[in-house]
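Engineer: 3D, please:
(one chain, ligands or ions: 1)
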Amino acid sequence: MSIQIPRGTQDILPEQSKQWQYIEQFSRNMCGAYQYHEIRTPIFEHTELFSRGVGDTTDIVQKEMYTFEDRGGRSLTLRPEGTAAVVRAFVEKKLYGLPDQPTKLYYTGPMFRYERQQKGRYRQFVQFGVEALGSQDPAIDAEVISLAMNTFKGLGLQELVLKINSLGDTESRLAHRQALINHFQPHIHEFCEDCKGRLEKNPLRILDCKVDHKHPLMQTAPSILDYLNEESKRYFEKVLGYLDVLGIEYEVDSTLVRGLDYYNHTAFEIMSKARGFGSITTLCGGGRYNGLVEDLGGPETPGIGYAFSIERILLALEAEKQTLPVMQKMDAYIIALGEEATEKAVKILQTMRLAGISCDKDYQQKKMKAQFKQADRLQATFVIVIGEEELQKEKAVVKKLATGEQTEVAFADLLSYMKQAKEEKE
Ligand code: HAM
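Structural biologist: Next comes the predicted model:
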């Protein structure tokens, strides 16, 4: 039996990888415009980073990590998300000591979660994430959110909803925590085993339970917004004020709690409301995580960020019937007839390729007609024909496929001819 791809993973074939590259490049460019710089961290980390960083009571840590022991007996984990590792690197490499703060970073790469596979939910997926560390200015919350929104809009997505909530500071969270315990405790026997454990450890997690989400007590649970102290309330209002300034629409959703433990103050998700998107509509999730840097051994440093997966962006684009402007970039296809002409073609190909002109030839001894057909399929701008006659004249026949227009160009002038044509096209 042939070996098949592991469940929850995908092969990205060349047709699709063009779209991936486009999304990645577009997102990188947006980050560049906002002055966020790339950081690359390892794909595996010490398991403790995630149990401490993401939180012991989260589904991610309890059920979804790919954890293994290496040959030296260390417990390592394939990263389920990017924030904990970025914060680890920020602390370990003392980025907080650099003169220009906040430290504005972005990253992209595969993440791993042992989740039930369904549309939009994979076991290996590629996140593109952003983190701003070292600022507690509500304007940077709005900047981060606007970077996400503008990236999505720039990719052509229109049917977006930004949901935002505040989880408040420690004091507000403690007050809310007690209210949640009081609310759920009398009925906790009606909830799943996980929720029973969450009641004392982290009752906020109950609101995020995938098993009990329809329990009536979920609807009537105390809202964090009623427990925000003055400072947290003011902070949230300022964030919303900046979003107004930027013309970014939002819905305040007091039930938004996020699935990771490190959040406080601003929490947000961007969802797709496109029909046919499927049941999982969240494209992007993020929020503020003041305290995480200290938890991971660094100095007191606030932080905020988000991540989205390329997989979900592609699903959203498909649901909105948006296509990306991925260009087929073949400048020329060379047809050589005979051995001597082939030698010439091989040489011309190299010269043109080294000058940045994308070109190719047939390697399957196809007939001339089939080669023209292939050039058509590959959407080459030009076909360059070299036969015996052309060799004698030291000239090639250059045909523009779109118009059928044909000219003879001396071999010596071919490179400059192609370069000029390419410049005109661009
Ligand atoms: P998260 O909400 O766990 O947050 O994931 C962020 C995004 O990653 C989701 O909105 C979704 O687009 C994508 N995603 C998550 N799981 C899967 C999956 N199984 N398959 C496909 N896509 C998935 C975080 O990871 C935080 N680190 C975000 C953050 C950064 N918060 C602050 N900074």
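
Engineer: how far away is Lys153 from Gln127?
Structural biologist: 19 Å (C-beta to C-beta, to the nearest Å). For every residue, glycine as well, the C-beta is placed using N, CA and C.

Engineer: More neighbours: these two, which one.
Structural biologist: Shown here are Lys153 and Gln127; by other C-beta atoms under 10 Å, Gln127 has more neighbours (22 against 13).

Engineer: The more buried one touches Arg113, doesn't it?
Structural biologist: No. The criterion here is C-beta atoms under 8 Å, and Gln127 misses it with Arg113 at 10.6 Å.

Engineer: phi, psi of Leu415?
Structural biologist: phi -60, psi -50 (degrees, to the nearest 10).

Engineer: Contact partners for it?
Structural biologist: Under the criterion of C-beta atoms under 8 Å, 6 or more residues apart in numbering, the contact list for Leu415 reads 351-352, 355, 357.

Engineer: For Gly247, state which of those residues is nearest.
Structural biologist: Each of these was scored against Gly247 by C-beta to C-beta, and Ile357 proved nearest at 43.0 Å.

Engineer: and the closest one, what does it touch?
Structural biologist: Residues near Ile357 by C-beta under 8 Å, 6+ apart: 331-332, 415, 418-419, 422.

Engineer: Can you give me the pLDDT of it?
Structural biologist: Here, the pLDDT recorded for Ile357 equals 95.

Engineer: cool, and Gly276?
Structural biologist: We note a pLDDT of 77 for Gly276 in this prediction.

Engineer: What count of nearby residues applies to it?
Structural biologist: 10.

Engineer: Assign a three-state SS to it, would you?
Structural biologist: With DSSP: H, G, I helix; E, B strand; the rest coil as the basis, Gly276 sits in coil.

Engineer: That one touches Ala319, doesn't it?
Structural biologist: Yes. Gly276 is within contact range of Ala319, at 4.8 Å (criterion: C-beta under 8 Å).

Engineer: who touches stretch 132-140?
Structural biologist: With contact meaning C-beta under 8 Å, 6+ apart, stretch 132-140 is reached by 36, 86-87, 90, 95-96, 101-105, 143-144, 235, 238-239, 241-242, 290, 293, 301-305.

Engineer: which ones among those are found in strands?
Structural biologist: Secondary structure from DSSP state E places 103-105, 303-305 of the contacts of stretch 132-140 in strands.

Engineer: Which of the residues in the lengthiest helix in the chain are classified as buried?
Structural biologist: Using DSSP state H, we find that the single longest helix of the chain is helix 14-33. Buried residues in helix 14-33, counted by 16 or more other C-beta atoms under 10 Å: 18-20, 23, 26-28, 30-31.

Engineer: what does stretch 271-287 give?
Structural biologist: For stretch 271-287, by 16+ other C-beta under 10 Å, it's 271-272, 274, 277, 281-287.

Engineer: contacts with the ligand among those residues, please.
Structural biologist: Near the ligand, judged by C-beta under 6 Å from any ligand atom, the entries from those are 282-287.

Engineer: Ranking by neighbours, what's the top pick from the contacts of Ile357?
Structural biologist: Result: Ala332 is most packed of the contacts of Ile357 (other C-beta under 10 Å), 26 neighbours.
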